[in-house]
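Visitor: Predicted model follows, preceded by the sequence.
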Amino acid sequence: MQLLKSLIILIVGFVLLIKGADFFVEGSSAVAKRLRIPSMIIGMTIVAMGTSLPECAVSVTASLTGNNSLAISNAVGSNIFNLMVVCGACTLWTPMAVSQKTLKQELPFSIAMGVILLILGYSGMAISRADGLIFLVIFVCFLMWMVRAAKANPVQPEEEEPKMLPGWKCALYILLGGAAIMWGGDLVVDSASAIAANFGLSQNLIGLTIVAMGTSLPELVTSVVASRKGEVDMALGNVLGSNVFNILMVLGAAAAISPIAFVQENMIDIILLTVMSLIVWVFAWTRKQVRRSEGIIMLLVYAAYMVYICMR
């Protein structure tokens with residue numbers, strides 16, 4: 001009976017995530033057009049932070065309860081899922097075009113944050129409170145950089161302005177969508193964790209798989225919806241922004257509350273995250289886009305990674 005209840009809650013969570021993501025993308029895209037802000041910037045800020053709320057909630061709660069192994073595995077596992085599965089799935093609908101600016105700035109910055117996490121974790125086999133505060137300061141600087149970029153490169157108005165959503169409806173869509181995403185993500189994580197616990201899976205494995213995939217569902221659904229709507233820049237921006245947010249804000253806040261201990265598996269996973277990021281970077285450099293065939297390769301790489309962490 002308990003298992004059936006968890007399955008029902010899981011389905012309800014999926015429905016909330018899908019509909020919430022649809023509303024969130026619609027509202028955010030309308031805001032970008034109204035303010036003449038590039039979709040990439042909206043994707044890396046508003047949408048990325050909104051879809052990363054589940055990761056933030058899980059990791060901060062884990063830190064407050066002293067269960068920090070879940071915090072690090074959740075953040076790193078979510079980043080790997082975002083990079084391989086979310087980007088890979090988006091290419092199944094349309095090739096993911098990548099701008100020169102993204103290749104030279106956003107992607108390298110995302111990779112650099114993973115390398116910094118690896119260095120700080122290796123230096124003392126932990127992320128200290130001071131490291132957490134450093135991450136939070138970098139995050140604030142990152143947001144300021146995004147705002148400056150938006151002001152410096154406003155979107156030029158089109159000759160024929162499309163019909164736009166009224167301001168109050170944009171705000172309503174974003175608020176309702178964000179609430180549905182957060183609530184749906186919580187329901188999915190809680191029910192999936194309960195189902196996993198029934199089968200006797202370890203907590204570290206749950207963090208890298210069930211919890212990481214559950215908290216990354218908003219990114220997956222939001223990016224796929226954005227890709228299907230033709231907002232490819234928003235889809236890629238959401239992934240890169242979420243990955244930066246997960247390291248700087250999520251782990252930064254969790255470490256500032258309570259230092260996060262590192263184990264050897266964490267180091268290996270961060271190295272694999274860095275290697276996978278470089279693979280995506282190479283794919284993007286070839287033709288300034290990630291093609292469907294490359295997206296399928298990314299999905300297969302993630303499947304191989306799943307097999308590896310289940311066997312180790």
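Guide: On my side now, so go ahead.
Visitor: tell me, how many neighbours does the residue lying closest to Ala261 once chain neighbours are set aside end up with?
Guide: Distance criterion C-beta to C-beta, 6 or more residues apart in numbering; nearest residue to Ala261, sequence neighbours excluded, is Ala126 at 5.0 Å. Every residue, glycine included, has its C-beta placed from N, CA and C. For Ala126, the neighbour count with other C-beta atoms under 10 Å is 16.
Visitor: Next up, phi/psi of Ala126, please.
Guide: phi -170, psi 160 (degrees, to the nearest 10).
Visitor: Now for it: which residues touch it?
Guide: For Ala126, the contact set (C-beta atoms under 8 Å, 6 or more residues apart in numbering) comprises Pro259, Ile260, Ala261, Phe262.
Visitor: Mind putting those into TSV with secondary structure?
Guide: Output for these, formatted as TSV (DSSP: H, G, I helix; E, B strand; the rest coil):
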residue	secondary structure
Pro259	coil
Ile260	strand
Ala261	strand
Phe262	coil
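Visitor: so how far is stretch 209-228 from its chain's centroid?
Guide: 8 Å (C-alpha atoms, centre = their mean, to the nearest Å).
Visitor: still on that earlier bit, how much space separates the residue nearest to Ala261 from Asn266?
Guide: Applying C-beta to C-beta, to the nearest Å, the value for Ala126 to Asn266 is 10 Å.
Visitor: who wins for most neighbours among the contacts of Ala126?
Guide: Result: Ile260 is most packed of those (other C-beta under 10 Å), 24 neighbours.
Visitor: Which residue is the nearest non-sequential neighbour of Tyr302?
Guide: Met84 (3.8 Å).
Visitor: Likewise for Leu208?
Guide: Gly77 is the one closest to Leu208 (C-beta to C-beta, 6+ apart), at 4.0 Å.
Visitor: which ones are touching the one you found?
Guide: Gly207, Leu208, Thr209, Val211, Ala212, Met213, Asp269.
Visitor: Same question for Gln100.
Guide: Lys288.
Visitor: Relative to Gln289, how far out is it?
Guide: Applying C-beta to C-beta, the value for Gln100 to Gln289 is 12 Å.
Visitor: what does Trp183 give?
Guide: For Trp183 relative to Gln289 (C-beta to C-beta), the value is 35 Å.
Visitor: max-length helix in the protein?
Guide: In the chain, with assignment by DSSP state H, the single longest helix is helix 2-35.
Visitor: Buried residues, that one. List them.
Guide: 6, 9-10, 13-14, 16-33 (16 or more other C-beta atoms under 10 Å).
Visitor: Please point out which parts of the helix or strand harbouring Thr286 sit buried.
Guide: Per DSSP states H and E, Thr286 falls inside helix 264-287. Using 16+ other C-beta under 10 Å as the test for burial, helix 264-287 gives 265-266, 269-270, 272-274, 276-277, 279-281, 283-284.
Visitor: do stretch 87-106 as well
Guide: Cys87, Gly88, Ala89, Cys90, Thr91, Trp93, Pro95, Met96, Val98, Ser99, Thr102, Glu106.
Visitor: With stretch 168-183 instead?
Guide: For stretch 168-183, the neighbour count (16+ other C-beta under 10 Å) marks Cys170, Tyr173, Ile174, Gly177, Gly178, Ala179, Ala180, Ile181, Met182, Trp183 as buried.
Visitor: How is the residue most central in space within the chain assigned, secondary-structure-wise?
Guide: For the chain, Ser242 is the residue whose C-alpha lies nearest the centre (C-alpha atoms, centre = their mean; 3.4 Å). Recorded secondary structure, Ser242: helix (three-state DSSP).
Visitor: tell me which residues form a beta bridge with Ala97?
Guide: Under DSSP bridges, the beta-bridge partners of Ala97 are Gln289.
Visitor: Next, work out how far apart it and Val290 are.
Guide: 8 Å.
Visitor: and what of Ala126?
Guide: Using C-beta to C-beta, one obtains 35 Å as the distance from Ala126 to Val290.
Visitor: got it, and Leu220?
Guide: In terms of C-beta to C-beta, Leu220 sits 16 Å off from Val290.
Visitor: again with Trp183
Guide: The value you get for Trp183 to Val290, if C-beta to C-beta is used, is 31 Å.
Visitor: Surely Leu272 is in contact with Tyr305?
Guide: Yes. Counting by C-beta atoms under 8 Å, Leu272 does reach Tyr305; the two are 6.7 Å apart.
Visitor: Quick check: neighbours shared by these two?
Guide: What both Leu272 and Tyr305 touch, as defined by C-beta under 8 Å, 6+ apart, is the set Ile80.
Visitor: Just the ones in helices from the contacts of Gly77, please.
Guide: Ala212, Met213, Asp269.
Visitor: which one of these is nearest Val250?
Guide: Ala212 (11.8 Å; C-beta to C-beta).
Visitor: Skipping adjacent residues, who's closest to the closest one in space?
Guide: Gly77 is the one closest to Ala212 (C-beta to C-beta, 6+ apart), at 2.8 Å.
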